[in-house]
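Chemist: A structural model of the following input is requested.
(chains A and B)
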Amino acid sequence: ETGVTQTPRHLVMGMTNKKSLKCEQHLGHNAMYWYKQSAKKPLELMFVYSLEERVENNSVPSRFSPECPNSSHLFLHLHTLQPEDSALYLCASSQESGTRPTEQYFGPGTRLTVT
Amino acid sequence: AQSVTQLGSHVSVSEGALVLLRCNYSSSVPPYLFWYVQYPNQGLQLLLKYTTGATLVKGINGFEAEFKKSETSFHLTKPSAHMSDAAEYFCAVKKGKLIFGQGTELSVKP
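Modeler: Okay, here's the model as predicted:
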């Protein structure tokens, strides 16, 4: 595997279910991100992890719970979601040095549908 | 606050025609600027970036962009469109975190 991978690619869940999205980066990066991409809206940054510590949480509802057990893996745990949470969830990683701006590398996304 | 505006949510060109996708940013200091492309059912892929130095930046797939500080713009161009260029394009500015524009969907007609 190369780059950033995400599983599953598609997920349909009911509002009472609990599921998790998984992201793995094979680039040796030290920062990972979760984004939400809804139709006709800009990408929304949800969470940022740097060196496995959460450094940003953009007022995301508590029904979304991130977990970063190591620098290569990132999870998004989902429970009691709402239909408006249906979207494409993108994971990204980057190598942050603090001095130079670096680009983020994105996974293919998980298409989530909440019924 | 940083913001990014992409003019036109949808642009349609003929194959072989010039592609011009517009991006303006608001920033009190020179920003770091990026263009990403997203093909259907895929994640975002970096096309090019501007950090410092030469204001004309060349990217992958024949795309280039020019940073114009006086106009606070970073428009993306390609001299000749190809059918495979049909995708959604995102401009982004980085000042701390990455802030994306709303995207421009490019259609290419045969």
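Chemist: for chain B, what lies in contact range of chain A?
Modeler: Within chain B, the positions adjacent to chain A are B:9, B:32, B:34, B:36, B:41-46, B:49, B:51, B:90, B:94, B:97-98, B:100-103 by C-beta under 8 Å from any C-beta of the partner chain. Quick note: C-beta positions are derived from backbone N, CA and C, even for glycine.
Chemist: buried ones among those residues?
Modeler: B:32, B:34, B:36, B:42-44, B:46, B:49, B:51, B:90, B:94, B:98, B:100-101, B:103 (16 or more other C-beta atoms under 10 Å in any protein chain shown).
Chemist: in its sheet, what does the lowest-mean-pLDDT helix or strand in chain B sit against?
Modeler: Every helix and strand in chain B was compared by mean pLDDT, DSSP states H and E; the lowest is strand B:97-100, with a mean of 86. Here strand B:97-100 has these sheet partners by DSSP bridges: strand B:87-95 (antiparallel).
Chemist: pLDDT on the partner strand, on average?
Modeler: What strand B:87-95 shows for mean pLDDT is 91.
Chemist: again, but for stretch A:19-27
Modeler: Stretch A:19-27 carries an average pLDDT of 97.
Chemist: before we move on, the earlier item: can you name the two of the buried ones among the residues of chain B next to chain A that are farthest apart?
Modeler: B:42 and B:51 (25.1 Å; C-beta to C-beta).
Chemist: hang on, residue A:96 packs against residue A:104?
Modeler: No: counting by C-beta atoms under 8 Å, residue A:96 sits too far from residue A:104 to count as a contact (9.7 Å).
Chemist: next one: the helix or strand bottoming out on mean pLDDT in chain A to chain centre, how far?
Modeler: The helix or strand of chain A with the poorest confidence is strand A:53-57; it has a mean of 76 (mean pLDDT, DSSP H and E). Strand A:53-57 sits 12 Å away from the centroid of its parent chain (C-alpha atoms, centre = their mean, to the nearest Å).
Chemist: shaky segments in chain B?
Modeler: Along chain B, segments meeting pLDDT under 70 span B:1-2, B:28-30.
Chemist: can you give me the strands in it?
Modeler: With strands called from DSSP state E, chain B shows them at B:3-7, B:10-14, B:19-26, B:32-38, B:44-50, B:56-58, B:64-68, B:73-78, B:87-95, B:97-100, B:104-109.
Chemist: okay, those in a markdown table with distance to residue A:67 next?
Modeler: Output for the strands of chain B, formatted as a markdown table (distance: least, C-beta to C-beta, whole Å):
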| stretch | distance to residue A:67 |
| --- | --- |
| strand B:3-7 | 30 |
| strand B:10-14 | 38 |
| strand B:19-26 | 34 |
| strand B:32-38 | 26 |
| strand B:44-50 | 23 |
| strand B:56-58 | 37 |
| strand B:64-68 | 37 |
| strand B:73-78 | 36 |
| strand B:87-95 | 26 |
| strand B:97-100 | 20 |
| strand B:104-109 | 34 |
